[in-house]
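Participant: Requesting a structural model of the entry that follows:
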Amino acid sequence: MSAEFLAIPQDWDQITPEWMTAALTRDHPGVQVESVKVQLRDDGTNRRARLELAYAAGDGPATVFVKAADPAHKELIRMTSGMFHEPRLFNSGASLPLEHPAVHAALIDEDAYDFLLVMEDLLARGADPRDATRPLTPEQAASGVEGLGRMHGRYWGRRMGDEPGLSWLEPFLPWDGMEIAPLQEALDRLGDDAPAEVASLTIDHLIEGIWKPYIRTLTAGPQTLLHGDPHIGNTYLLADGQVGFLDWQVARRGNWSLDLGYFLQGALTTEDRRRHENDLLDRYRDALALPAAEMPTPEQIRLGYRASVAHGLTLWLCTASAGELWQRPDIAITLAQRYSAAYGDLDTAAAVTALNR
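Facilitator: You can find the predicted model right below:
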């Protein structure tokens, strides 16, 4: 049996050696799994587990990482991301010219509104998952922006249409629901260094006056493949300094600025961002490797980057306002502080207005 015909188990203990053999056979022909042991599980917005494998025949990975939908969060995923975007991306055959996890099998059950990914265990490759409490250095961040630049350039403009496997990609559009966030609770936690422009925000102005007007610009101008959610918590660092991107569930088509700004403004300390962002924007632009007639000017890169703070600021202020519901408070507040500082430094409101003219 090939992986495409596998049923999606509802508990990791239901993954049998025969099931895992079928899941691995594309990348490891002739392999025969003898045993499967749950080594670690972490059920949140999605169900996740690390499985330890032993083999009766052939040679395969000692461990794999599996990810599937959690029934309790399916409506949240439907609203904010896309249940099938990540498995569709890895089934598409599209080249992703940046560091990312290898996916052995990507299963979709549309009738049950469910999916499952069997992926490499990044820890077996020495990967170091990062979060806001462990920011990247400027040189490490350069690896990330250059990877995003290569991917964006690969699918820039008409090139997106040259990849039939990506015809399902949806545009990046605003969604509803964040307007119920108790914004003042997050503002109270930002500290005395919060810019006055942020401290005076209301939830209505943040959502309707800043975030949605920016998000609507993402369908204007050249479209490309977006990771869609490349904050530092969805990255990892390899021993050679390469930054990789995981959790592609929000993959979309849209304007490049969302990926670039959302990654860079949260991945660095505020001090490092201020000191190095101009150089990093230049490195992103060079990595696009586009013909001169299609290459955005440095001024266009700067304007889109300034406006993009609207996304990170909104998402992490709303996340921080929810306490421990969606994210560890130390991570949420740290990111809210970084995007808040960028909002003040980069005059984001004016940049959003300029893009909407």
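Participant: check contacts around residue 288.
Facilitator: 149-150, 152-153, 156, 295-296 (C-beta atoms under 8 Å, 6 or more residues apart in numbering). No exception for glycine: its C-beta is placed from N, CA and C like everyone else's.
Participant: roughly how far apart are it and residue 147?
Facilitator: According to C-beta to C-beta, to the nearest Å, residue 288 and residue 147 sit 12 Å apart.
Participant: do residue 182 as well
Facilitator: From residue 182 to residue 147 the distance is 36 Å (C-beta to C-beta).
Participant: residue boundaries of the helices in the stretch 51-200 of the chain?
Facilitator: Counting by DSSP state H, counting those that start in this stretch, the stretch 51-200 of the chain has helices at residues 74-80, 85-91, 138-154, 183-189, 196-199.
Participant: For those helices, give me CSV that also has mean neighbour count and distance to residue 270.
Facilitator: Output for the helices of the stretch 51-200 of the chain, formatted as CSV (neighbours: other C-beta atoms under 10 Å; distance: least, C-beta to C-beta, whole Å):
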stretch, mean neighbour count, distance to residue 270
helix 74-80, 14, 27
helix 85-91, 21, 31
helix 138-154, 22, 13
helix 183-189, 17, 16
helix 196-199, 14, 13
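Participant: Of these, which is nearest residue 254?
Facilitator: helix 138-154 (10.3 Å; C-beta to C-beta).
Participant: tell me what that closest one is packed against?
Facilitator: Helices and strands touching helix 138-154, by 3 or more C-beta pairs under 8 Å, 6 or more residues apart in numbering; DSSP states H and E, are strand 224-226, strand 243-245, helix 257-267, helix 270-288.
Participant: which of the ones you listed is buried the deepest?
Facilitator: helix 257-267 (a mean of 27; mean count of other C-beta atoms under 10 Å).
Participant: and that helix, average pLDDT?
Facilitator: Averaged over helix 257-267, pLDDT sits at 98.
Participant: likewise stretch 126-144?
Facilitator: 98.
Participant: likewise stretch 349-357?
Facilitator: 97.
Participant: Name all residues that make contact with residue 257.
Facilitator: Counted by C-beta under 8 Å, 6+ apart, residue 257 has contacts 218, 304-305, 307-308.
Participant: do residue 356 as well
Facilitator: Residue 356 touches 213, 216-217, counting by C-beta under 8 Å, 6+ apart.
Participant: Name the member of those with the most neighbours.
Facilitator: Neighbour counts for these peak at residue 217, which has 22 neighbours (criterion: other C-beta atoms under 10 Å).
Participant: what about residue 316, distance to residue 283?
Facilitator: Going from residue 316 to residue 283 by C-beta to C-beta gives 25 Å.
Participant: ok, back up a step: format the contacts of residue 356 as JSON lines; extra columns: pLDDT.
Facilitator: Listed next are those as JSON lines, based on pLDDT from 0 to 100:
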{"residue": "213", "pLDDT": "98"}
{"residue": "216", "pLDDT": "97"}
{"residue": "217", "pLDDT": "98"}
